[in-house]
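K.L.:
sequence? don't have it. structure:
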């Protein structure tokens, strides 16, 4: 039975598609799935990178229950996420609404505001932050103009974490651009109808902008929560790799790095990595579950 030219063309197109997809599958297997499987195996071993791994079962996971620094790193990280994510989203939305008014040079301002998102996780910015918030930094020099003697923001356990929160909020650019794109999609006639009904700017924002922007808010929320839990460079540079002072900036990822590459407890670090996967996955699932109550899509769902 002869095959139709159409089916032959479809098969050729399918083979071509598989050829183009092959590099992605190779990368997925070699760069993502392979290391994940290896990490899961190492999490059940005693492995120090210098000798062969020794199987210990779930001992690394049970050890985490009695690790006070792990609990500290979790509490610091949760506090960091709880403070920085809402503040970042609020700043990003506020600036997006300002830029959405159609000011001149929009492309320039959008690029300038997006720049911190590219630089915020760099070592150079971390070093700069140490200088700005140091005892003799720019912040204290500015406060000194008003007769205020500021503390060493980085060296004080009560304020060190807040300086990192400010650094994270400073990287609002990517969320702002996404908010700006969402605001551009809201039809102007909705605001005109609200204005005819006597709604002021605040009521228009509350009853028109926010409900129609909830899918974008949810998208940014999920991305920022995941990104914040992975924060590492800022705390490593600002604290000198110690998580100090007094473990006040001991992010979970920093403690994981310290265990894996500082103390060569690679098995324990692998178990910590899987705990992070579970925590982030659980929080993402919770966000998706509760999104049904406050996220509104155009199809009415």
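P.N.:
Perfect, thanks for sending it. All values reported here derive from a predicted model rather than from experimental measurement.
K.L.:
report how many residues lie close to the nearest residue to residue 150 once chain neighbours are set aside.
P.N.:
The shortest distance from residue 150 to any non-neighbouring residue, by C-beta to C-beta, 6 or more residues apart in numbering, is to residue 140 (3.8 Å). Heads up, the C-betas are built off the backbone N, CA and C, glycines and all. Residue 140 has 18 neighbours, counted by other C-beta atoms under 10 Å.
K.L.:
ok, now which ones touch residue 140?
P.N.:
134, 149-151, 153 (C-beta atoms under 8 Å, 6 or more residues apart in numbering).
K.L.:
secondary structure element for it?
P.N.:
Assigned by DSSP states H and E, residue 140 falls within helix 138-144.
K.L.:
on that earlier part again, roughly how far does the residue nearest to residue 150 sit from residue 238?
P.N.:
16 Å (C-beta to C-beta, to the nearest Å).
K.L.:
of the contacts of residue 140, which pair is most distant in space?
P.N.:
134 and 149 (14.0 Å; C-beta to C-beta).
K.L.:
give the contact list for residue 172.
P.N.:
Per C-beta under 8 Å, 6+ apart, neighbours of residue 172: 88, 91-92, 95, 113, 116-117.
K.L.:
list buried residues within the residues you listed.
P.N.:
Using 16 or more other C-beta atoms under 10 Å as the burial test, the contacts of residue 172 include 88, 92, 95, 113, 116-117 as buried.
K.L.:
follow-up on the earlier one: just the contacts of residue 172 now: which is nearest residue 247?
P.N.:
Using C-beta to C-beta, the contacts of residue 172 come closest to residue 247 at residue 88, 23.8 Å.
K.L.:
could you check how far residue 84 is from residue 126?
P.N.:
Taking C-beta to C-beta, one finds residue 84 at 15 Å from residue 126.
K.L.:
those two: which is more packed in?
P.N.:
For residue 84 versus residue 126, neighbours defined as other C-beta under 10 Å are more numerous around residue 84 (24 against 19).
K.L.:
can you give me the strands for the stretch 1-150 of the chain?
P.N.:
45-46, 54-55 (DSSP state E, counting those that start in this stretch).
K.L.:
just the buried residues of stretch 103-112, please?
P.N.:
residue 110.
K.L.:
what do you get for stretch 233-242?
P.N.:
233-239.
K.L.:
what's the closest of the residues you listed to residue 207?
P.N.:
Closest to residue 207, out of all of the buried residues of stretch 233-242 and judged by C-beta to C-beta, is residue 234, at 37.5 Å.
K.L.:
that closest one touches residue 164, doesn't it?
P.N.:
Yes. At 5.4 Å, residue 234 and residue 164 qualify as touching, with contact defined as C-beta atoms under 8 Å.
K.L.:
residues touching residue 69, list them.
P.N.:
247, 250, 255.
K.L.:
which element is the last one on?
P.N.:
Under DSSP H and E, the secondary-structure element containing residue 255 is helix 252-257.
K.L.:
quick check: mean pLDDT across that helix?
P.N.:
The average of the pLDDT scores along helix 252-257 is 96.
K.L.:
contact partners of it?
P.N.:
By C-beta under 8 Å, 6+ apart, helix 252-257 touches 69-70, 73-74, 76-77, 229-232, 235-236, 239, 241, 243, 269, 272-273, 276.
K.L.:
now residue 41. Nearest residue, chain neighbours left out?
P.N.:
residue 53 (7.7 Å).
K.L.:
how about the helix holding residue 140: buried residues?
P.N.:
Buried, per 16+ other C-beta under 10 Å, within helix 138-144: 139-140.
K.L.:
ok, back up a step: contacts only, for the residue nearest to residue 41.
P.N.:
So residue 53 contacts 41-42, 45-47, 267 (C-beta under 8 Å, 6+ apart).
K.L.:
my guess is residue 113 contacts residue 95, does it?
P.N.:
Yes. Checked against C-beta under 8 Å, the pair residue 113 and residue 95 is within contact range at 6.3 Å.
K.L.:
residues that sit against both of the two, list them.
P.N.:
Counting by C-beta under 8 Å, 6+ apart, the residues touching both residue 113 and residue 95 are 172, 176.
K.L.:
residues contacting the nearest residue to residue 245 once chain neighbours are set aside?
P.N.:
Distance criterion C-beta to C-beta, 6+ apart; nearest residue to residue 245, sequence neighbours excluded, is residue 157 at 4.8 Å. Residues in contact with residue 157 (C-beta under 8 Å, 6+ apart) are 244-246, 248.
K.L.:
what secondary structure category should be reported for residue 157?
P.N.:
coil (DSSP: H, G, I helix; E, B strand; the rest coil).
K.L.:
and the gap between it and residue 239?
P.N.:
11 Å.
K.L.:
could you do residue 35 as well?
P.N.:
According to C-beta to C-beta, residue 35 and residue 239 sit 27 Å apart.
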